[in-house]
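Student: okay, sequence plus prediction incoming.
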Amino acid sequence: MAGAVAAGAVEALPGRELTASGAGPRRGRDRVREVREGLRGYGLIVAMWIRSTMTYRTSFALSAFGNAAITLLDFVAIFIMFSHVDVLGGFTLPEIALLYGSCSASLGLADLLMGNTDRIGARIRDGSLDTMLVRPVPVLAQVAADRFALRRLGRVMQGLGVLGWALWTLDVDWTAGKVLMVPVMIVAGAAIFAAVMVTGAAFQFVAGDAAEVQNSFTYGGCTMLQYPPTVFGKDLLRGVTFIVPLAFVNWLPALHVLGRPDPLGLPGWVAYLSPLVAFVVFLPASLAWRAGVRSYRSTGS
């Protein structure tokens, strides 16, 4: 019975009705309406959780500070390492701080907005996803906004702090393109990480619980991106450039800002493709998510 309700709910989601004539334009309008309703629903759920969080302001402040302090330990380890060496892979401490700060800020932003998608596996196992399917809000918006943790803002702030110190310390020949590259790099990097999170969540419809697989590409990928690409092998660099394009999160844009050549010999204009790459990556992620929701048949309880 629950499986039938869930299947029917999937078909009843906005934007899924079929039309005989004018299907293309109408389907496009339905998609736009679905996105608009999803954003509105996401905002309402997030606002509810923020109000709940700010009821205990001291607890929130301590949680955010603790979150920032714990994540900052990664950079402290790098800082201690540079007390024994002058360069790592040809990169100085401020240059690596640029990589660390940009990646940490991007992942923190993606984790703040979409990080709860890794809990989809638990909802699939206990059947609580059924309740989301019968609500007039896209499931992805509900999953991403559920238990919105404002304390994760601490990771974003500490990443921006390290990035600000790096930009202040570095001697960069600034141009208008390089100045614009910095905020675009952070936002596009967050979008790429978010696409990976959505893909990982979609995979959990098949695997049941693959949160750690998802985290290996997000948190693990960010740890890798905190270090210069020159310390890694060419095969790995090709993999994170052309297969899972994490290199567009910060490696390629940061190399352009620093005036350094790409280890793979890619032209400099490739660094400006991060927003396009984020959009392209989101297409298969969206299709995978829709396929996962359609395949869901509930727990039968």
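Tutor: Structure received. Numbering: from 1, shown residues only.

Student: distance of Val182 from Ala271?
Tutor: Here the criterion is CB to CB, to the nearest Å. By it, Val182 lies 12 Å from Ala271. Where you see a C-beta, it was placed from the backbone N, CA and C, and this is true even at glycine.

Student: who's more crowded, the two?
Tutor: Ala271 (23 against 17; other CB atoms under 10 Å).

Student: for the record, mean pLDDT for stretch 62-72?
Tutor: Stretch 62-72 carries an average pLDDT of 85.

Student: just stretch 34-52 next, same as before
Tutor: Here the average pLDDT along stretch 34-52 is 86.

Student: convert it to PDB, retaining C-alpha atoms only.
Tutor: The C-alpha coordinates for stretch 34-52 follow below in PDB (Å, rounded to 0.1, in the frame of the first residue of the first chain):
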ATOM      1  CA  GLU A  34       8.800  23.300 -10.400                       C
ATOM      2  CA  VAL A  35      12.200  25.000  -9.800                       C
ATOM      3  CA  ARG A  36      10.400  28.100  -8.500                       C
ATOM      4  CA  GLU A  37       8.300  26.100  -6.100                       C
ATOM      5  CA  GLY A  38      11.300  24.100  -5.000                       C
ATOM      6  CA  LEU A  39      13.300  27.200  -4.200                       C
ATOM      7  CA  ARG A  40      10.300  28.600  -2.300                       C
ATOM      8  CA  GLY A  41       9.800  25.400  -0.400                       C
ATOM      9  CA  TYR A  42      13.500  25.200   0.400                       C
ATOM     10  CA  GLY A  43      13.500  28.700   1.700                       C
ATOM     11  CA  LEU A  44      10.500  28.100   4.000                       C
ATOM     12  CA  ILE A  45      12.000  25.000   5.500                       C
ATOM     13  CA  VAL A  46      15.400  26.600   6.000                       C
ATOM     14  CA  ALA A  47      13.800  29.600   7.600                       C
ATOM     15  CA  MET A  48      12.000  27.300  10.000                       C
ATOM     16  CA  TRP A  49      15.200  25.600  11.000                       C
ATOM     17  CA  ILE A  50      17.000  28.900  11.400                       C
ATOM     18  CA  ARG A  51      14.300  30.200  13.700                       C
ATOM     19  CA  SER A  52      14.600  27.000  15.700                       C
END
